[in-house]
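Asker: sequence and predicted model, in that order:
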Amino acid sequence: MKDWELKKDVMITEPAYVHMELYGDGEGAFSLDSKTGWAWYGDTDDFLLGLLRVGDSTVGKKFLDKLKEENITKKEIITAIKKSLEKNPSDGLYHLLGDNSTYIGFGVYDEWSDIDYRLKECLEEKGVKNPEDVADEIIGEATYYQPSTKEVFERMEKELTKDMSKYTNKRGSWKDVVNKAIRVCDNKYREVDKFVDCIYDELLPLREDLTKAFHEQYESKVYDAFQKLNDNDLKKVSKETGVDFSKIKACVSEIR
């Protein structure tokens, strides 16, 4: 059997499409389709990412049952995870940091809400008649200095690949954490479905901590962006809104 030839696979077609493939060299890959317009076809260095996505989905239980039906072994899953991690030491972290919703940014909401509220309150106290519009203009200027969610996401992913302890109570690199989970689950269970379910129990709860950490990091960058507003930015807001520059600058300085 050639290394790239398919050895075993698991397929689910309803209510979502899942196809896990295991190859002759021990590597594995996932293809996923939510059937709502979102699809993802992973490589052999994204095997753990695919596994975690399935475990965190509505077809997680169905997938575990299919593993037994197709005679997938615990050893085959372990080998595929380890080979994937060797090629990509951050494999799986993408999902735990919030997946596409944070990486692309559509899962980040109201990051400017605190600053927006404080700006409107200050402007109103200074007699500005349209504080909401002025606050929006100020924040609009500040967003030019704001990093993308992708930048923050990739920096954290890089840090976590080397050391998890900054953001969780887990010690060591991400690879260390995964290998420990494998050892724990391998010792507990012989059946492949129970083993994979145990991997989910060990790793998926980290998502809450890491997604929270991402939002905290991103929101701190929002404040950094606000600090970078300069007089030219604020004069532009004054010109656009007709509000006195001194009032705008005073409110920005008060929040800083």
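Answerer: Perfect, thanks for sending it.
Asker: need the strands for the protein, in chain order.
Answerer: Taking DSSP state E as the criterion, the chain contains strands spanning 6-12, 17-23, 28-33, 39-41.
Asker: what's in contact with the second one?
Answerer: With Cβ atoms under 8 Å, 6 or more residues apart in numbering as the contact definition, strand 17-23 has outside contacts at 3-12, 28-33, 35, 39, 44, 50-51, 54, 59, 63, 72, 76, 80. Placement of C-beta: from N, CA and C, glycine included.
Asker: at 7 Å instead, please
Answerer: 3-12, 28-33, 35, 54, 59, 63, 76, 80 (Cβ atoms under 7 Å, 6 or more residues apart in numbering).
Asker: hmm, back to that, using CSV, lay out the strands of the chain together with distance to residue 141.
Answerer: What follows is those, written out as CSV (distance: least, Cβ to Cβ, whole Å):
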stretch, distance to residue 141
strand 6-12, 49
strand 17-23, 45
strand 28-33, 40
strand 39-41, 36
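Asker: among the ones you listed, which is nearest residue 174?
Answerer: strand 28-33 (18.4 Å; Cβ to Cβ).
Asker: so the closest one versus strand 17-23, what angle?
Answerer: 170 degrees (axes from the mean of the first three to the mean of the last three Cα atoms, to 10 degrees).
Asker: same for strand 28-33, what does it pack against?
Answerer: strand 17-23, strand 39-41, helix 47-55 (3 or more Cβ pairs under 7 Å, 6 or more residues apart in numbering; DSSP states H and E).
Asker: remind me what the last one packs against, helices and strands.
Answerer: Under the contact criterion of 3+ Cβ pairs under 7 Å, 6+ apart, helix 47-55 touches strand 28-33, helix 74-87, helix 93-96.
Asker: 6 Å instead, please
Answerer: If you count contacts as 3 or more Cβ pairs under 6 Å, 6 or more residues apart in numbering; DSSP states H and E, helix 47-55 packs onto helix 74-87, helix 93-96.
Asker: just say which of these is most tucked in.
Answerer: helix 93-96 (a mean of 24; mean count of other Cβ atoms under 10 Å).
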